[in-house]
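J.: pasting the sequence and the predicted model now:
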Amino acid sequence: MSEVSPYGISMKILLLIVMITLAFVAAAPAEYNPATGQDDIVFISETQEVRMGRSLSKGVEEKFGIVKDTGMQIRVSEIGQRLAAVCDRPQLAYSFIVLEGKKLEEEQRYNAFALPGGYVYMFKDMVEDMQSDDELASILAHEIGHVVAKYGIKKLQGSIGTAALQLLGTMTAKDGRTQAKSSVAIAQLMMANNRQAELEADKLSVRYLEEAGFDPKAAVKVIDRMLEKQLKGEVRHYRYFRTHPHASERKAMLNKEIEGEFGFDDYINIPPDSDAPF
């Protein structure tokens, strides 16, 4: 075994870091999440989560720019706060901000995302495309679902675990090809977790929309319009990594949550590789 890793670190020190990281994760207590009904292994406190989100938010706002339209900001914030008040983590100080993202490509600006701790962002292009408060609320409710389920924190913890596995693979793999394959396999597992998180956020969003007095069927309309935009766009080559579920999966999940069951069209359109929890 080489004394120095490809990262320029002593192999003994590297191995010690990996062992400590894995031991720390294994020792983390399971925490019940009322939103998902599952036990989450979380070793980042809520205080740390909020502090992390606050720090990241500064970089996000500086990079993409905040929309100066006060009326738009107030509208998005008021709808977001109605949803936050009925979610499973109402104690967080949520913020809902519209971003410009002028330097991004058009497709990238049709987006919304959430940071740990309750920082929710939506790009101006997407806000303007929403045809009602219900549709706008469906996007914000989805992002709140990510915050409630602590997806950002889980992703961070997953990244720590992935790094540890990759380091272990570097120390034990015999050749570069093996190392590359192990890295791709780990990345694919992370992508699968991303898809599952999207479906979970959709499921939570329906409940929050109903409890806040919005029409959850608007979420299905938004998915249909997203699919329409994709079909009208230029043909793309095969994408190796897929972080979001197929639109048909998301529609089936939403319809099942809204109606209590999914229809025949939903059933026949669910892809064979679907990881939707039906």
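T.: Now that the structure is in, tell me what you want to look at.

J.: so where's the stretch 151-278 of the chain shaky on pLDDT?
T.: 156-193, 230, 233-246, 248, 261-278 (pLDDT under 70).

J.: can you do 80?
T.: Along the stretch 151-278 of the chain, segments meeting pLDDT under 80 span 152-196, 226-253, 259-278.

J.: could you pull out the strands in the chain for me?
T.: In the chain, the strands defined using DSSP state E lie at 30-33, 38-41, 95-99, 112-115, 119-123.

J.: okay, now residue 103: neighbour count?
T.: Residue 103 has 10 neighbours, counted by other C-beta atoms under 10 Å. Just so you know, the C-beta spots here come from the backbone N, C-alpha and C atoms, and that holds for glycine as well.

J.: in stretch 215-226, what's buried?
T.: 215, 216, 217, 218, 219, 220, 221, 222, 223, 226 (16 or more other C-beta atoms under 10 Å).

J.: ignore the last one, stretch 201-212
T.: 201, 202, 203, 204, 205, 206, 207, 208, 209, 212.

J.: which of those residues fall within helices?
T.: Those of those mapping onto helices are 201, 202, 203, 204, 205, 206, 207, 208, 209, per DSSP state H.

J.: okay, those in TSV with distance to residue 253 next?
T.: TSV is the format used below for those (distance: C-beta to C-beta, whole Å):
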residue	distance to residue 253
201	10
202	5
203	6
204	11
205	10
206	9
207	12
208	15
209	14
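
J.: list just the nearest of these to residue 259.
T.: residue 206 (10.2 Å; C-beta to C-beta).

J.: so who does that closest one touch?
T.: For residue 206, the contacting residues are 141, 216, 219, 254, 257, 258, by C-beta atoms under 8 Å, 6 or more residues apart in numbering.

J.: tell me the spacing between it and residue 78.
T.: Noted for residue 206: a distance of 21 Å to residue 78, by C-beta to C-beta, to the nearest Å.

J.: also residue 127?
T.: 13 Å.

J.: more neighbours, those two?
T.: Neighbour count, other C-beta under 10 Å: between residue 127 and residue 78, residue 127 has more, with 19 against 11.

J.: which non-adjacent residue is nearest residue 73?
T.: For residue 73, ignoring the flanking residues on the chain, the nearest one in space by C-beta to C-beta, 6 or more residues apart in numbering is residue 98 at 5.7 Å.

J.: near the one you found, how many other residues are there?
T.: 24.

J.: my guess is it contacts residue 68. True?
T.: No. Using C-beta atoms under 8 Å, residue 98 is not in contact with residue 68; the gap is 9.7 Å.

J.: leaving aside the residues adjacent along the chain, what's closest to residue 136?
T.: Among residues not flanking residue 136 along the chain, residue 130 sits closest, at 4.2 Å (C-beta to C-beta, 6+ apart).

J.: just give the nearest non-adjacent residue to residue 142, would you?
T.: residue 205 (4.4 Å).

J.: show the contacting residues for the one you found.
T.: Counting by C-beta under 8 Å, 6+ apart, residue 205 touches 138, 141, 142, 144, 145, 216, 219.

J.: now the residues you listed: which count as buried?
T.: 138, 141, 142, 144, 145, 216, 219.

J.: among those, which are located in helices?
T.: 138, 141, 142, 144, 145, 219.

J.: which residues of the stretch 1-150 of the chain score low on pLDDT?
T.: In the stretch 1-150 of the chain (pLDDT under 80), the answer is 1-44, 107.

J.: let's see it at 70
T.: Along the stretch 1-150 of the chain, segments meeting pLDDT under 70 span 1-43.

J.: I'd say residue 225 and residue 132 touch.
T.: No. Using C-beta under 8 Å, residue 225 makes no contact with residue 132, being 11.8 Å away.

J.: mind listing the helices for this structure?
T.: Ranges of helices within the chain are 11-27, 46-64, 70-84, 106-109, 124-129, 133-148, 151-172, 176-211, 217-232, 247-259, 264-269, based on DSSP H.

J.: tell me the buried residues in the shortest one?
T.: Same thing as helix 106-109. Residues residue 109 are the ones in helix 106-109 that count as buried (16+ other C-beta under 10 Å).

J.: and what of stretch 121-133?
T.: Buried residues in stretch 121-133 (16+ other C-beta under 10 Å): 121, 122, 123, 124, 125, 126, 127, 129, 130, 133.
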